[in-house]
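*Asks:* task: produce atomic coordinates for the following.
(chains A and B)
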Protein chains: 2
Amino acid sequence: MQKITFEEMKATIKKAFLNAGLSESQAEICAHIHTESTSDGVYSHGVNRVARFVDYVNKGWVDINAKPSLVKSLGALEVYDGNQGIGITNALYALDKAIELAKKHAVGIIGLRNTTHWMRGGTYGWKAVEKGFAAMCWTNTESCMPAWGAKNTRLGNNPFVMAVPSSDGSIVVDMAMSQYAYGKLQVTRLKGEKLPFPGGYDKDGKLTDDPGSIEESMRILPTGYWKGSSMAIVLDAMAALLSMGNPTNEIDKIQKGSCTGASQIFMVFDPSQLGGKEFNEQMVNSITQYVNTSTPAEGQKAVFYPGELSKKTRKDHLTNGIPVDTEVWREVVSLAN
Amino acid sequence: MQKITFEEMKATIKKAFLNAGLSESQAEICAHIHTESTSDGVYSHGVNRVARFVDYVNKGWVDINAKPSLVKSLGALEVYDGNQGIGITNALYALDKAIELAKKHAVGIIGLRNTTHWMRGGTYGWKAVEKGFAAMCWTNTESCMPAWGAKNTRLGNNPFVMAVPSSDGSIVVDMAMSQYAYGKLQVTRLKGEKLPFPGGYDKDGKLTDDPGSIEESMRILPTGYWKGSSMAIVLDAMAALLSMGNPTNEIDKIQKGSCTGASQIFMVFDPSQLGGKEFNEQMVNSITQYVNTSTPAEGQKAVFYPGELSKKTRKDHLTNGIPVDTEVWREVVSLAN
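*Replies:* Down below sits the predicted model:
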């Protein structure tokens, strides 16, 4: 484990991306997003994901020359084809378009089909609230989780993001439909620990908190059992509907790595055209204060609202450096040389 | 337990509602919705809720003379005040308005503030898909669940509904943000049974599957632990934002029963203006078939998609009568006389 400054991490990742053939601006944007995610504590889709992205580019699974193209324009709703371009720049393009539409119509919706992995979903919620907009964004994915009552993986974990802005502290939720990510299973297993709550079924169908048994069976648990399973299914259908794109069962046929061909939705709302900025801030602050002033449960010191901890983590990392696994960092550095 | 036909149940509930002072058309509509929910197996917000609704009307907590009034019109997005009128007719009015807007703009969004309990959330998803539209609807509620890491109830369970239509079988999800409803705890306790999975914390902060201990502590578990807690918080903020209405902490001050003063959102999408009906049906059917043809887990005979079982339940109940708890039915009959 070593500590890297934000600037050094970003510069190194940028060099790795330039080496992979990305343009100056593509490399700049993507390195910034990967570094931001890492500084917020989301390593799995930050620094830990750099090597895999480069691998996808090398294999031609991500087309670095592709740009989004307009498929359909319907007032406040537009559909784009991502043409399997870079997931991050495609998604930021779609979010910007949705914000433009929201400025005009109070709501703006972009369906983005046939794109590639957008990395951390929360990125798009945070970008929206930083500009004073509320957002709901989600993506479907290839199959990685069994439906409730099933053994084999036929559902994506379809991350869902909702964000409501306030200058005193925005509420940002970024949640996948599995109780734990495969990354969490791996990290927990390597530490020789158990999960805090059951995270899936072993190969014999027993609910277990042993991460290795779940990695082996691939029977990860939907969040809230049948509820996360149902929500994954309907998010998939709604993503494909609104983007005129692929559902999970079609993504499974593409076989160009995680999320290649995925369907993504970006809904943006403009608070200034609704109750106004003052109403909105007061409302959001009343919610976050209500949560923060809850009575902590046994063994808890404080109660947090969603988004609060990743801001604290970022602040700490910007001040003290971002701790990175030595092996992961060595690989990124080697890609940068 | 006795079995009642759909027609008899509806006629009896309608008389109870007429006795409470509802108009002919209000009583007709509300009795139909309560009976439909019951015939789909959702007793808690169907026949079991009739007496409480009548009680609210008698107390003046639901204003049967109020009608929704337009607050703001922004193209594809409109905001209405429900004026604490009847929750069901307010919500159906909002849904119809959202469908009208969707016909015109491909998307239609209604924020409905200051309304009352809409009963079963799934009603509005089913009504949308029956007309060929997709929908996302949710409501906030008064506090009934602690935030993750807290002891006291400061979050609504904020039911969330998503629905995507297909004539071969629509996908409809209706989920509250608690793992179990209080109704489920009560029913399970009365049977002397345990919950299938832990459903909350007892008064000492131990996770438990004993329904009585959770009813006593009121520490019901958010679905997926921290995830359901986060989603409840952000759904609350987004509902208040889009309806210019009350968040949960304001609803808590109203003290006129469950959901009086709540904020609701109705988003409707028109598949015929996106990929078209044929694309949409093929896409939805590919998803439901992928789920249905999963390998069942140990002890399971089949794997279902969301919405499939409530259709099966309705079919059975329409053919064989709707079983109703004798005490519950006696109370409804007494209100009808």
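
*Asks:* and the stretch 1-150 of chain A, which residues reach chain B?
*Replies:* By CB under 8 Å from any CB of the partner chain, the part of the stretch 1-150 of chain A that sits against chain B consists of A:72, A:74-77, A:79, A:105-107, A:109, A:111, A:134, A:136, A:146-150. All C-beta atoms are positioned from the backbone trio N, CA, C, and that covers glycine.

*Asks:* hmm, stretch A:181-194 touching chain B?
*Replies:* No - Stretch A:181-194 does not reach chain B (CB under 8 Å from any CB); its nearest approach is 12.0 Å.

*Asks:* show me what that stretch is in contact with.
*Replies:* A:43-44, A:48, A:144, A:157, A:195, A:199-200, A:209-212, A:214-215, A:220 (CB atoms under 8 Å, 6 or more residues apart in numbering or on different chains).

*Asks:* with stretch A:298-315 instead?
*Replies:* Applying CB under 8 Å, 6+ apart, the contact partners of stretch A:298-315 are A:36, A:39-42, A:122, A:163, A:169-173, A:287-288, A:291-294, A:296, B:147-151, B:204-205, B:230, B:233-234.

*Asks:* out of those, which end up buried?
*Replies:* Buried subset of the contacts of stretch A:298-315 (neighbour count, 16 or more other CB atoms under 10 Å in any protein chain shown): A:36, A:39-42, A:122, A:163, A:169-173, A:287-288, A:291-292, A:294, B:147-151, B:230, B:233-234.

*Asks:* now, which of those residues lie within strands?
*Replies:* Among these, the ones falling in strands (DSSP state E) are A:163, A:171-173.

*Asks:* now render these as CSV, adding distance to chain B and pLDDT.
*Replies:* Formatted as CSV, these follow (distance: CB to the nearest CB, whole Å; pLDDT from 0 to 100):
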residue, distance to chain B, pLDDT
A:163, 7, 98
A:171, 5, 98
A:172, 8, 98
A:173, 4, 98
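
*Asks:* quick one: these as TSV, columns for distance to residue B:260 too.
*Replies:* Shown next, in TSV, are those (distance: CB to CB, whole Å):
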residue	distance to residue B:260
A:163	28
A:171	24
A:172	30
A:173	27
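
*Asks:* may I ask which helix or strand of chain A has the lowest mean pLDDT?
*Replies:* Among the helices and strands of chain A, helix A:182-190 carries the lowest confidence by mean pLDDT, DSSP states H and E, at a mean of 90.

*Asks:* can you give me the buried ones in it?
*Replies:* A:182, A:184-185, A:187-189.

*Asks:* show me what contacts the residue nearest the centre of chain A?
*Replies:* In chain A, the centroid-proximal residue (CA atoms, centre = their mean) is residue A:121; its distance is 2.0 Å. Applying CB under 8 Å, 6+ apart, we find residue A:121 in contact with A:137-139, A:159-161, A:174, A:176.

*Asks:* now tabulate these in a markdown table and tack on distance to residue A:53.
*Replies:* Formatted as a markdown table, these follow (distance: CB to CB, whole Å):
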| residue | distance to residue A:53 |
| --- | --- |
| A:137 | 20 |
| A:138 | 21 |
| A:139 | 16 |
| A:159 | 17 |
| A:160 | 22 |
| A:161 | 20 |
| A:174 | 19 |
| A:176 | 19 |
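
*Asks:* quickly find the element holding residue A:323.
*Replies:* Per DSSP states H and E: residue A:323 is located in strand A:322-324.

*Asks:* for that strand, buried residues please.
*Replies:* Neighbour-count burial for strand A:322-324 [16+ other CB under 10 Å]: A:322, A:324.

*Asks:* what's it packed up against?
*Replies:* The contact analysis (3 or more CB pairs under 8 Å, 6 or more residues apart in numbering or on different chains; DSSP states H and E) places strand A:322-324 against strand A:2-4, helix A:6-19, helix A:24-39.

*Asks:* can you list contacts of it?
*Replies:* Strand A:322-324 has contacts (CB under 8 Å, 6+ apart) with A:1-6, A:9, A:35, A:38-39, A:43, A:47, A:317.

*Asks:* again, only this time at 7 Å
*Replies:* Where contact means CB atoms under 7 Å, 6 or more residues apart in numbering or on different chains, the residues beyond strand A:322-324 that reach it are A:1-4, A:6, A:9, A:38-39, A:47.

*Asks:* what pairs with the residue in the stretch 51-200 of chain A that chain B sits nearest to across the strands?
*Replies:* Proximity of the stretch 51-200 of chain A to chain B (CB to the nearest CB) peaks at residue A:150, 3.5 Å away. Following DSSP bridges, residue A:150 is listed with bridge partners residue B:296.
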